[in-house]
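Colleague: quick one: sequence plus predicted model below, questions after.
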There are 2 protein chains.
Amino acid sequence: MVERAVFFLSDQTGVTAETLGHSLVTQFTGQNFRQVTLPFIDSEDKAREAVQIINTAGADGALTPIVFSTLVQPELRAIVKHATGLHLDIFDAFLEPLSVELDEQPTYASGGAHGMTDIDAYMRRIEATNFALANDDGGISRNYDVADVILVGVSRSGKTPTCLYLALQYGVYAANYPLTDEELESGTLPKFLVQQQQKLYGLTIAPERLRQIRKERRPLGKYASAQQVRFELREAGKIFRRYGIPHVDTTEFSIEEISSRILDTTGVERRVRP
Amino acid sequence: MVERAVFFLSDQTGVTAETLGHSLVTQFTGQNFRQVTLPFIDSEDKAREAVQIINTAGADGALTPIVFSTLVQPELRAIVKHATGLHLDIFDAFLEPLSVELDEQPTYASGGAHGMTDIDAYMRRIEATNFALANDDGGISRNYDVADVILVGVSRSGKTPTCLYLALQYGVYAANYPLTDEELESGTLPKFLVQQQQKLYGLTIAPERLRQIRKERRPLGKYASAQQVRFELREAGKIFRRYGIPHVDTTEFSIEEISSRILDTTGVERRVRP
């Protein structure tokens, strides 16, 4: 299928343009997109360079490129508009009505969204990440008194990446504790977890999917066997019910979705906003 | 200052609406925004519930709420539009022109952007995260042959969160190695790093900022002293120049910006897209 170039233009990281653009292009499944991020377009030279790159992608009978842009400065946006392509510009679309409603002129300063304008927010994310690392896999610190949430689940149910995502994205203090044979066979949680019962959140996953994930790590032996996986998930489910722990099945969910559901269910507040 | 409610509405996690909305509202500094995410609006009941929440926030002489929406399904968008507020809807703004250009009808299926539609992408992010953890702080694995990039820098220059962000956001395999007194005093890197010279990327930071960060961790002693911090950063700079290691000063940058700059400079390809 003929390829069509999709560009994400930004005077910053490009994360906003990528996120926005991705949510739109995934609405069209009959296409073969080649996605290219052009970040840090913060000068007229770089804007002209971007125009060249886009025009090259659209030359010689190629499909018209799609250009998602989050450039803030009007003079850079004006240059980029000269590129041949379908331009979808969030500032064009939304800045004017927002400015009218707020009765304020935009600053046109770039970097407000992801910049280090707020050192406190940076520190909170770093501290939350360190917390997640120190409290990963039931390990080292067990500073559960300052945790916002403590994820429990069997090995490879998605606890670690979810904790790290909650920390990096939202500055949330997330610990995790793996349910091992000890808990699964006795059906009871250790006392230091029961004391934090209101912070516990369970992750579960379909047996077949868990086997698939575990096989990547350790293909042989009991760890990825159908019997072991089913035993662990069944007993983990009993523990969730016994202690009234809210939980989510991660089988069909991305890390973003699992994280959002945890915040939504528990009411834990984001300490920073992305 | 009178508060104005800003809502991020989504039938999924809300990450796209938050990212988009945040980049727009930060253009206006003379406001006092209260930001609220309403995720997982995937039924008519939940859409009506969102309308109530928004209307409550805008009642009794309060400022008109701002509503950023990434709802996909037309019938849910129609319900939400009944809420009193300034509606800024990315599908309203961009889906139609995109559909015309692509000559294809959108699927209106939600969850394409962050859903588990691509299990491979999920696995890549998990594997990249495990790689970052195993290769953090020069530790355990040192699987530098499969690394996409190896970050080097002094303690607390931002290596660990950057590696984890690269893994979670982009599925990039990022290892990190701390420059300790051994390297800093000899001015040489260990052989196993020199062998991977083309993958090395340096992080540096302003001395005052590094002191501030280190003091949070260990307020007393040499670690956060002005003399030690200046010595380490000076010698690290010499190593970067000696080995021709590209580097970035993280002082004024967020984790997103550092990560984007690394990908931009090194040309390392994203293995997944957010």
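Modeller: Okay, I see it. Numbering: from 1, shown residues only, chains lettered A, B, ... in the order given.
Colleague: from here on, contacts and neighbour counts on C-alpha atoms
Modeller: Will do.
Colleague: for the residue lying closest to residue A:246 once chain neighbours are set aside, which three-state class applies?
Modeller: When the adjacent residues along the chain are set aside, residue A:246 lies closest to residue A:201, with 5.4 Å between them (C-alpha to C-alpha, 6 or more residues apart in numbering or on different chains). Following DSSP: H, G, I helix; E, B strand; the rest coil, we place residue A:201 in the strand state.
Colleague: and the contacts of the stretch of helix or strand residue A:237 belongs to?
Modeller: Using DSSP states H and E, residue A:237 sits within helix A:226-242. With C-alpha atoms under 8 Å, 6 or more residues apart in numbering or on different chains as the contact definition, helix A:226-242 has outside contacts at A:153-154, A:179, A:181, A:184-185, A:187-189, A:202, A:204-205, A:207-208, A:210-211, A:222-223, A:245-247.
Colleague: next secondary structure element downstream of it?
Modeller: Criterion used, DSSP H and E; the element after helix A:226-242 is strand A:247-249.
Colleague: for that following strand, buried residues please.
Modeller: Burial within strand A:247-249, assessed by neighbour count using 16 or more other C-alpha atoms under 10 Å in any protein chain shown, is assigned to residue A:247.
Colleague: relative to chain B, how far out is residue A:268?
Modeller: 12 Å (C-alpha to the nearest C-alpha, to the nearest Å).
Colleague: do the same with residue A:91
Modeller: 7 Å.
Colleague: what's the answer for residue A:208, then?
Modeller: 13 Å.
Colleague: the helix or strand encompassing that residue to helix A:226-242, inter-axis angle?
Modeller: Residue A:208 is part of helix A:207-217, with elements assigned from DSSP H and E. Going by axes from the mean of the first three to the mean of the last three C-alpha atoms, to 10 degrees, helix A:207-217 is angled at 120 degrees with respect to helix A:226-242.
Colleague: surely residue A:257 and residue B:15 touch.
Modeller: No. Counting by C-alpha atoms under 8 Å, residue A:257 does not reach residue B:15; the two are 9.1 Å apart.
Colleague: interface residues of the stretch 151-274 of chain A facing chain B?
Modeller: Taking C-alpha under 8 Å from any C-alpha of the partner chain as the criterion, the stretch 151-274 of chain A approaches chain B at residues A:161, A:164-165, A:168, A:213, A:252-257, A:260-261, A:264, A:273-274.
Colleague: on that earlier part again, write a ChimeraX command that selects only the buried members of the contacts of helix A:226-242.
Modeller: Command for ChimeraX that selects the buried part of the contacts of helix A:226-242, burial taken from 16+ other C-alpha under 10 Å:
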select /A:153,154,179,184,187,188,189,202,204,205,207,210,211,223,245,246,247
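Colleague: still on that earlier bit, which residues are contacting the helix holding residue A:208?
Modeller: Counting by C-alpha under 8 Å, 6+ apart, A:156-157, A:223-226, A:229-230, A:233, A:251, B:123 sit against helix A:207-217.
Colleague: please state the offset of that helix from the chain centre?
Modeller: Relative to its parent chain, helix A:207-217 has a centroid offset of 22 Å by C-alpha atoms, centre = their mean, to the nearest Å.
Colleague: for the stretch 1-150 of chain A, what spans make up the strands?
Modeller: With DSSP state E, counting those that start in this stretch, the ranges of strands along the stretch 1-150 of chain A come out as A:3-9, A:32-38, A:66-69, A:86-89, A:149-153.
Colleague: tell me which other helices or strands the third one touches.
Modeller: Read that as strand A:66-69. strand A:3-9, helix A:15-25, strand A:86-89 (3 or more C-alpha pairs under 8 Å, 6 or more residues apart in numbering or on different chains; DSSP states H and E).
Colleague: what does the second one give?
Modeller: With contacts taken as 3+ C-alpha pairs under 8 Å, 6+ apart, strand A:32-38 sits against strand A:3-9.
Colleague: give the partner strands of the strand it packs on in its sheet and their orientations.
Modeller: strand A:32-38 (parallel), strand A:66-69 (parallel) (DSSP bridges).
Colleague: wait, residue A:144 sits on residue A:175?
Modeller: Yes. Counting by C-alpha under 8 Å, residue A:175 is a contact partner of residue A:144 at 7.2 Å.
Colleague: what's the overlap in contacts for these two?
Modeller: What both residue A:144 and residue A:175 touch, as defined by C-alpha under 8 Å, 6+ apart, is the set residue A:150.
Colleague: thinking again about what came up before, can you pick out the most distant pair from the residues of the stretch 151-274 of chain A next to chain B?
Modeller: A:213 and A:273 (31.1 Å; C-alpha to C-alpha).
Colleague: before we move on, back to that, buried among the residues of the stretch 151-274 of chain A next to chain B? Make that a PyMOL selection.
Modeller: To isolate the buried ones among those in PyMOL, judged by 16+ other C-alpha under 10 Å, type:
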select buried, chain A and resi 161+164+165+168+213+253+254+255+256+257+260+261+264+274
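Colleague: inside helices: which ones of the residues of the stretch 151-274 of chain A next to chain B?
Modeller: A:161, A:164-165, A:168, A:213, A:255-257, A:260-261, A:264 (DSSP state H).
Colleague: ok, so of those residues, who is nearest residue B:128?
Modeller: Checking those one by one against residue B:128 (C-alpha to C-alpha), the nearest turns out to be residue A:161, at 10.0 Å.
Colleague: I figured the closest one was touching residue A:254, is that so?
Modeller: No. With contacts counted by C-alpha under 8 Å, residue A:161 stays clear of residue A:254, the gap being 10.3 Å.
Colleague: and the average pLDDT for stretch A:71-85 is what?
Modeller: Taken as a whole, stretch A:71-85 has a mean pLDDT of 95.
Colleague: now that stretch: buried residues?
Modeller: Buried residues in stretch A:71-85 (16+ other C-alpha under 10 Å): A:71-73, A:76-77, A:79-81, A:83-85.
Colleague: so which residues make contact with it?
Modeller: Here stretch A:71-85 makes contact (C-alpha under 8 Å, 6+ apart) with A:9-11, A:41-44, A:47-48, A:50-52, A:54-55, A:58, A:64-67, A:87, A:89, A:91, A:108-110.
Colleague: narrow these to those that are buried.
Modeller: With neighbours counted by 16+ other C-alpha under 10 Å, the contacts of stretch A:71-85 contain buried members at A:9-11, A:41-42, A:47-48, A:50-52, A:54-55, A:58, A:64-67, A:87, A:89, A:91, A:108, A:110.
Colleague: thinking again about what came up before, what is the burial count for the residue nearest to residue A:246?
Modeller: Neighbours of residue A:201 under the rule other C-alpha atoms under 10 Å in any protein chain shown: 21.
Colleague: quick check, it in contact with residue A:147.
Modeller: No. The criterion here is C-alpha under 8 Å, and residue A:201 misses it with residue A:147 at 11.9 Å.
Colleague: give me the contacts around the least confident helix or strand in chain A by mean pLDDT.
Modeller: When each helix and strand of chain A is scored by mean pLDDT, DSSP states H and E, helix A:119-134 comes last, with a mean of 86. Contacting residues not belonging to helix A:119-134 are listed as A:116, A:140-142, A:163-164, A:167-176, A:271-272, B:161, B:213, B:254-255 [C-alpha under 8 Å, 6+ apart].
Colleague: quick one, what contacts the residue lying closest to residue A:155 once chain neighbours are set aside?
Modeller: Take residue A:155 and drop its neighbours on the chain: the residue closest to it by C-alpha to C-alpha, 6+ apart is residue A:178, 6.0 Å away. Residues in contact with residue A:178 (C-alpha under 8 Å, 6+ apart) are A:137-138, A:152-155.
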